[in-house]
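Asks: Model the following, please.
(one chain, ligands or ions: 2)
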Amino acid sequence: MTTPVLELRNVNKSFGPIDVLHDISLTVNAGEVLCLLGDNGAGKSTLIKTLAGVHRPTSGQMLMDGQPVLFERPKDATDRGIATVHQFGGTFPLMTIGRSFFVGMEPTKGWGPFKVFDRKTANEVAVKAVQSFGITRIDDGDRLIGGLSGGERQSLAIARAVHFGARVLILDEPTAALGVKQASHVLRIVLEAKRRGIAVIFITHQVTHAMAVGDHFAVLIRGALAASFKKGERSREEITDLMAGGEALADLGAEIETYMETHDGHPPQPVH
Ligand SMILES: Nc1ncnc2c1ncn2[C@@H]1O[C@H](COP(=O)(O)OP(=O)(O)OP(=O)(O)O)[C@@H](O)[C@H]1O
Ligand SMILES: [Mg+2]
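Replies: Ligands and ions are numbered 1, 2, ... in the order given. This is a model prediction of the structure:
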C-alpha cells in the first residue's frame with residue numbers, strides 16, 4: 001500500500017459554538033482525483049480551507065506523506081506543495097498573463113532573474129507552462145488576464161500551481177461558472193494534472209463533472225462524511241441522491257409523516 005500524500009484523521013472544526021466539520025477522516029493519493037461533493041453549506045469549503053492552512057482543525061490530525069503536520073497559516077500549506085485554486089482563478093484582470101504567473105514568486109527565494117522582473121522570460125515560461133496543458137490558444141504572455149475566458153483563467157491558475165511544484169491541487173468549484181465547452185477544457189486539465197502524479201481534490205455540484213474525472217468520491221452532509229466510494233461503485237442516480245435530493249426528500253418525507261400522525265392522517269394542505 002502506498003502512503004497517502006494527504007490524510008485527515010478524525011478532524012473536527014468548530015467556529016465558537018458552531019460545529020461545522022464532524023470527525024472527518026479521508027485520504028488523498030498521488031495521481032488520483034478525489035471529488036468532494038455535498039450541498040450548499042455542507043462544509044466543503046471549510047474542509048479545504050483547513051487543508052490549505054486557512055483554518056486550524058479544532059481537533060484531529062492531518063498528515064502529509066504519513067507525517068503529522070500543523071499549518072499555522074496558508075503559506076505553511078503552500079510551502080508543502082498544497083495549492084488551492086479558488087473559484088475565480090486569476091483575480092488580477094489588469095495584470096498580464098506573464099506577470100500574474102509569477103505573482104508572489106518574484107522575491108528572495110532563488111528567483112534570480114525575477115528580482116528585476118524579466119518580462120520576456122516570464123512570458124515565455126508562463127505561455128510554455130499553459131501550452132503544455134494543451135491550452136494552445138494562449139500564446140502571448142502580454143495579454144491581460146481580464147481578456148481571458150473563465151475556463152482559460154482556471155487553466156492558467158492550475159498550470160501555474162503545477163509549474164511551481166504543487167503536489168496537492170485543491171480546486172473549489174472550478175467549473176461552476178463555466179459553459180459546457182470551457183468546463184470540459186478545465187476537466188481535461190484536471191486529468192493532465194492527475195497524469196503528472198498530482199493529488200487533486202475537486203469540489204463540484206455537478207455530478208457529470210465529478211463522474212468525468214473522479215477516482216474517489218467523498219460526500220459531505222451537514223459537515224459529516226456521509227459516503228465515501230470509488231469510481232464505479234455508485235450509479236449516477238445514487239450520487240445525485242446522496243449529494244442533495246436524497247437527503248432533502250427524506251427530510252421532507254419525515255416532516256409530512258409527522259404532520260399526518262398529528263392530523264388524523266391528512267397530509268398538509270396548501271395555504272391559500
Ligand atoms: N467562519 C465561520 N464562522 C461560522 N460559521 C461558518 C464559518 N465558515 C463557515 N461557516 C458555516 O459552516 C457551514 C459550512 O460552510 P461551507 O462554506 O464550508 O459550505 P460549502 O459546503 O462550501 O457550501 P457551498 O456549496 O455553498 O460553497 C455553513 O453553515 C457556514 O455558515
Ligand atoms: Mg463552498
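Asks: Mind listing what's buried along stretch 170-186?
Replies: Across stretch 170-186, burial judged by 16 or more other Cβ atoms under 10 Å covers 170, 171, 172, 173, 174, 175, 178, 182, 183, 185, 186. C-beta here means a position set from N, CA and C on the backbone, and glycine is covered the same way.
Asks: how close does the third one sit to ligand 1?
Replies: Using Cβ to the nearest ligand atom, to the nearest Å, one gets 8 Å for the distance from residue 172 to ligand 1.
Asks: Let me see the contact set for that residue.
Replies: Applying Cβ atoms under 8 Å, 6 or more residues apart in numbering to residue 172 gives the contacts 44, 45, 48, 84, 85, 86, 87, 203.
Asks: The residues you listed also near ligand 1: which ones?
Replies: Here is what survives when the contacts of residue 172 are matched to ligand 1 using Cβ under 6 Å from any ligand atom: 44, 45.
Asks: among the buried residues of stretch 170-186, which are in strands?
Replies: Counting by DSSP state E, the part of the buried residues of stretch 170-186 found in strands is 170, 171, 172.
Asks: For the last one, which non-adjacent residue is spatially closest?
Replies: In space, and not counting its chain neighbours, residue 172 is closest to residue 203: 5.0 Å by Cβ to Cβ, 6 or more residues apart in numbering.
Asks: Could you tell me the model confidence score at the one you found?
Replies: The model reports residue 203 with a pLDDT of 92.
Asks: give me the beta-bridge partners of it?
Replies: In this structure, residue 203 bridges to residue 36, residue 172 when assessed by DSSP bridges.
Asks: quick one, what contacts it?
Replies: Residue 203 makes contact with 35, 36, 37, 44, 45, 48, 170, 171, 172, 173, according to Cβ under 8 Å, 6+ apart.
Asks: low-confidence ranges in the stretch 1-150 of the chain?
Replies: Where the stretch 1-150 of the chain drops to pLDDT under 70, the residues are 87-91, 105-117.
Asks: mind listing the helices for it?
Replies: For the stretch 1-150 of the chain, the helices defined by DSSP state H, counting those that start in this stretch cover 44-51, 74-79, 97-101, 119-131, 150-163.
Asks: what about the longest one, distance to the chain center?
Replies: Just to be clear, that refers to helix 150-163. 13 Å (Cα atoms, centre = their mean, to the nearest Å).
Asks: again, but for stretch 263-272
Replies: Relative to its chain's centre, stretch 263-272 lies at 43 Å (Cα atoms, centre = their mean).
Asks: picking that back up, export the helices of the stretch 1-150 of the chain to a markdown table and tack on mean neighbour count?
Replies: Formatted as a markdown table, those follow (neighbours: other Cβ atoms under 10 Å):
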| stretch | mean neighbour count |
| --- | --- |
| helix 44-51 | 22 |
| helix 74-79 | 16 |
| helix 97-101 | 24 |
| helix 119-131 | 17 |
| helix 150-163 | 24 |
